[in-house]
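Participant: task: produce atomic coordinates for the following.
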Amino acid sequence: MFTNIHNLPDPVVAALSADKYNSGLVNSSVTTLIDSPQIKILSRKHKDDISIDVSERLWSVLGTAVHNMFEDYADGEYLSEERLYTEVKGWKISGAIDIQKSEKDGSITIMDYKCTSVWSIIFGKSSWEKQLNFYAWLAHKCKGKKVSKLQILAVLRDWKQSEAEFKSDYPKQPIVVVDIPLWETSQQQEFVEQRVALHQQAEWDYLNGNPIAECTAEDMWLRPTKYAVMKKGRKRAIKLHDDEVDAQNHVETLGAGHFVDKRSGEAVRCEKYCPAATFCPQYQRSINERD
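Facilitator: As a prediction, this is how the structure comes out:
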């Protein structure tokens with residue numbers, strides 16, 4: 001259910017609330033399989049109770065627009081937006097590959113468009129590696145294609161020229177190509193089977209009233225608690241420690257005017273981005289433990 005709490009004009013609301021995604025007649029898609037089964041099941045169960053303001057969909061919709069823009073100009077050695085289907089452990093699954101580039105040796109490079117943040121480029125996202133290796137497995141399974149390279153074409157929505165000029169680790173342009181590690185075929189196969197089995201078990205547990213597999217730290221985008229060694233009058237930490245004792249020992253070597261500042265961890269996705277958080281027993285339990 002969509003809301004419009006900021007009273008945006010009707011054409012904007014219509015554009016932001018439209019959802020043309022179609023994974024086909026399948027049990028699951030690649031993007032769903034690499035994600036948390038708990039989020040999928042809870043979102044489906046409570047779909048009539050979950051409210052999302054249309055303004056929160058801006059970047060997602062713009063990301064789709066970026067996809068469409070680039071796909072319109074893919075031709076020749078580039079195959080655009082091909083959805084592949086196969087069966088794993090009795091489930092029919094699908095995945096739509098944004099771009100397949102034919103190489104001279106007969107192999108292909110798989111590319112995926114992302115409208116993302118600079119932070120994602122600097123620190124990386126493990127989900128990209130999982131998604132593209134899943135696609136590589138699909139291309140090999142469905143088409144017999146050897147995949148020689150995986151790449152993300154990232155459009156950086158928050159890129160700043162001023163930052164690029166003065167920070168060495170900052171992207172130098174608002175569109176960058178990121179090489180993604182290509183796994184061995186056996187590792188891809190093992191990963192695919194493990195993800196399908198995880199989601200199948202979660203669906204079985206849900207139907208039988210059993211607890212569903214909970215989200216991992218990675219699923220929750222968990223930022224661990226850190227202990228910052230600080231100096232009075234200085235805003236930035238001298239050093240961040242994972243362990244409080246290590247931080248206290250560090251302070252003792254620095255003398256007067258230094259102290260430890262605890263920076264509590266946060267499940268970023270749960271706190272800010274998960275539509276099912278209100279109905280999630282794992283998240284609600286973490287709130288109660290925190291209180």
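
Participant: ok, the residue nearest to Val268 when sequence neighbours are not counted to Lys272 distance?
Facilitator: Excluding its sequence neighbours, the residue lying closest to Val268 (CB to CB, 6 or more residues apart in numbering) is Trp221, at 4.1 Å. Every C-beta, even on glycine, is put in place using the N, C-alpha and C of the backbone. The gap separating Trp221 from Lys272 is 9 Å, by CB to CB, to the nearest Å.

Participant: who's more crowded, these two?
Facilitator: Comparing Trp221 with Lys272 by other CB atoms under 10 Å, the one with more neighbours is Trp221, at 18 against 11.

Participant: who touches that one in this structure?
Facilitator: Neighbour list for Trp221: 267-269, 273 [criterion: CB atoms under 8 Å, 6 or more residues apart in numbering].

Participant: let's verify Lys47: helix, strand, or coil?
Facilitator: coil (DSSP: H, G, I helix; E, B strand; the rest coil).

Participant: look up phi and psi at it.
Facilitator: Note on Lys47: backbone dihedrals following degrees, to the nearest 10 are phi -60, psi -30.

Participant: what number of residues lie near it?
Facilitator: Close neighbours of Lys47, defined as other CB under 10 Å, add up to 11.

Participant: from Pro37, how far out is it?
Facilitator: From Lys47 to Pro37 the distance is 16 Å (CB to CB).

Participant: residue contacts, the residue sitting furthest away from the middle of the chain?
Facilitator: Taking CA atoms, centre = their mean, the residue of the chain most remote from its mean C-alpha position is Ala256, at 43.4 Å. Residues counted as contacts of Ala256 (CB under 8 Å, 6+ apart): none.

Participant: give the buried residues for stretch 277-285.
Facilitator: By 16 or more other CB atoms under 10 Å, the buried positions in stretch 277-285 come out as 277, 280, 282-283.

Participant: pipe those residues into a markdown table and attach distance to Ser120 per row.
Facilitator: Shown next, in a markdown table, are the buried residues of stretch 277-285 (distance: CB to CB, whole Å):
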| residue | distance to Ser120 |
| --- | --- |
| Ala277 | 22 |
| Cys280 | 24 |
| Gln282 | 25 |
| Tyr283 | 23 |
